[in-house]
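Enquirer: Just the structure for this:
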Amino acid sequence: MTDKPILERAARFVSALRHCQVLGIQVHDANLDGMTLLLPYSVDIIGDPQTGVIHGGALTSLMDTACGMATLCVLPEFEVCPTLDLRIDYMHQAEPHKAVFGFAQCYRVTTDVIFTRGVAYQDDPERPIAHVVGTFMRMGKRLKGAQGLGSVVKGERA
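Expert: Model prediction:
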């Protein structure tokens, strides 16, 4: 699978999600390495009116969506993969009046579960606002005739 079909599929998918429409979340990049979404700054997502800091719920939505959509980067066909678990560790507040990027990648794929990790950042992914890990249940198509291949992503096996 090349990067362009992943990017196109991701853009179609994010445009159909109501919470992405409301928050203004857009696909920034999507390739075999992972998914990067963009959460533009707006007054609608301010959590503290005195400082203009973005609400943590908007960041949680960004990262849950980025992790869930990262499955598009590793699966050959679309599958329904709802969130099983999501953990976000906040490192520091996002700077007001600046967009936030959410990057996520899948680091292990099994027959039933996909494991993801990522970061939310503004200017530098090496200085993340938050770290995230998530697991997603595979409810869609099952792997057939490729025993063990579905468990291999970046050299790891189930």
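Enquirer: Now the residue nearest the centre of the chain: which helix or strand?
Expert: For the chain, the residue nearest the mean C-alpha position is Ala66 (1.3 Å; Cα atoms, centre = their mean). Using DSSP states H and E, Ala66 sits in helix 56-69.
Enquirer: And for Val27?
Expert: Here Val27 is assigned to strand 26-31, by DSSP H and E.
Enquirer: from the chain's centre, how far out does that strand sit?
Expert: 10 Å (Cα atoms, centre = their mean, to the nearest Å).
Enquirer: Could you check that strand and say which residues are buried?
Expert: Of the residues in strand 26-31, Val27, His28, Asp29, Ala30, Asn31 count as buried by neighbour count, 16 or more other Cβ atoms under 10 Å. From N, CA and C alone the C-beta is placed, and that goes for glycine too.
Enquirer: One more: stretch 127-142?
Expert: For stretch 127-142, burial by neighbour count (16+ other Cβ under 10 Å) applies to Pro128, Ile129, Ala130, Val132, Val133, Gly134, Thr135, Phe136, Arg138.
Enquirer: all strands for this protein, in order.
Expert: For the chain, the strands defined by DSSP state E occupy 26-31, 34-39, 46-48, 53-54, 83-90, 100-109, 113-121, 130-137.
Enquirer: now the second one: mean pLDDT?
Expert: Averaged over strand 34-39, pLDDT sits at 98.
Enquirer: partners of that strand, with directions?
Expert: strand 26-31 (antiparallel), strand 100-109 (antiparallel) (DSSP bridges).
Enquirer: How about residues contacting it?
Expert: Strand 34-39 is contacted by residues 10, 14, 23-30, 45, 54, 58-59, 62, 65-66, 69-70, 72-73, 99-106, 118 when judged by Cβ atoms under 8 Å, 6 or more residues apart in numbering.
Enquirer: Show me how far that strand is from its chain's centre.
Expert: Using Cα atoms, centre = their mean, the offset of strand 34-39 from its chain centre is 6 Å.
Enquirer: Fine by me, thanks again.
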